[in-house]
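Enquirer: Predicted coordinates and the sequence they were generated for:
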Amino acid sequence: MNIEIIYFRDLKSELPYRDSRSLSDYLQRNKIEILGAGKTRYVLATQFKRAQLQERINHLKAKYQDRWMEVLKSEMNLFAQLQSALDEIEQDKKKPTVKQKAIPKSKTQQRFLNEINKELTGQ
C-alpha cells in the first residue's frame, strides 16, 4: 500500500499562500489533517485533492445552480483529454530516435567524416 503525501513546501507552490500560518489556516478550514512536525510537515494527497475539488464544486454551484454537475463533468472530461494528450507527447519524447550511420561512398567522404568525428570527440 502506497500513501501519497504532499509536503508543506510543495503546497506553497500549489496554493497562493507563502506564509506557513496562512497555509495552516487554509488546511484547518478545509479539514485537512496536518501530519509531521517542524520542517517535515505534510498532508495526505487524497485529503488535499478532495478539499480542492470541494472548493471547485462550491464555486460551480454558486455560479451555475442546477447545472453545476454538467459543467463539472465537461471540465473533468476536458481535463482528461488534455492529460491524455500530454501523456502521449511525453511518451513520444521518451522513444529513442533512430540514428542512421553514415556510410561513406568515397575516400573523400571517409576523410570528411573522420575529421568531423575528431572534432566532436575532441581528439
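Expert: It's in.

Enquirer: contacts and neighbour counts: CA atoms only from here.
Expert: Noted.

Enquirer: From residue 30, how far off is residue 68?
Expert: 21 Å (C-alpha to C-alpha, to the nearest Å).

Enquirer: How many residues are close by the nearest residue to residue 36 once chain neighbours are set aside?
Expert: Nearest residue to residue 36, sequence neighbours excluded (C-alpha to C-alpha, 6 or more residues apart in numbering): residue 42, at 6.1 Å. A count of nearby residues for residue 42, using other C-alpha atoms under 10 Å, gives 19.

Enquirer: The residue lying farthest from the centre of the chain and residue 121, how far apart?
Expert: Distance from the centre of the chain peaks at residue 107, with 51.3 Å (C-alpha atoms, centre = their mean). Distance, residue 107 to residue 121, by C-alpha to C-alpha: 21 Å.

Enquirer: Show me where the protein has its strands.
Expert: According to DSSP state E, the chain carries its strands in the segments 5-7, 42-44.

Enquirer: Check what contacts stretch 91-107 and list those residues.
Expert: 110, 113 (C-alpha atoms under 8 Å, 6 or more residues apart in numbering).

Enquirer: and that stretch, how far out from the chain's middle?
Expert: Averaged C-alpha coordinates place stretch 91-107 at 31 Å from its chain's average position (C-alpha atoms, centre = their mean, to the nearest Å).

Enquirer: Look at it and report the distance between its end residues.
Expert: Termini of stretch 91-107 sit 41 Å apart (C-alpha to C-alpha).

Enquirer: taking the mean pLDDT, what do you get for that stretch?
Expert: On average, the pLDDT along stretch 91-107 is 75.
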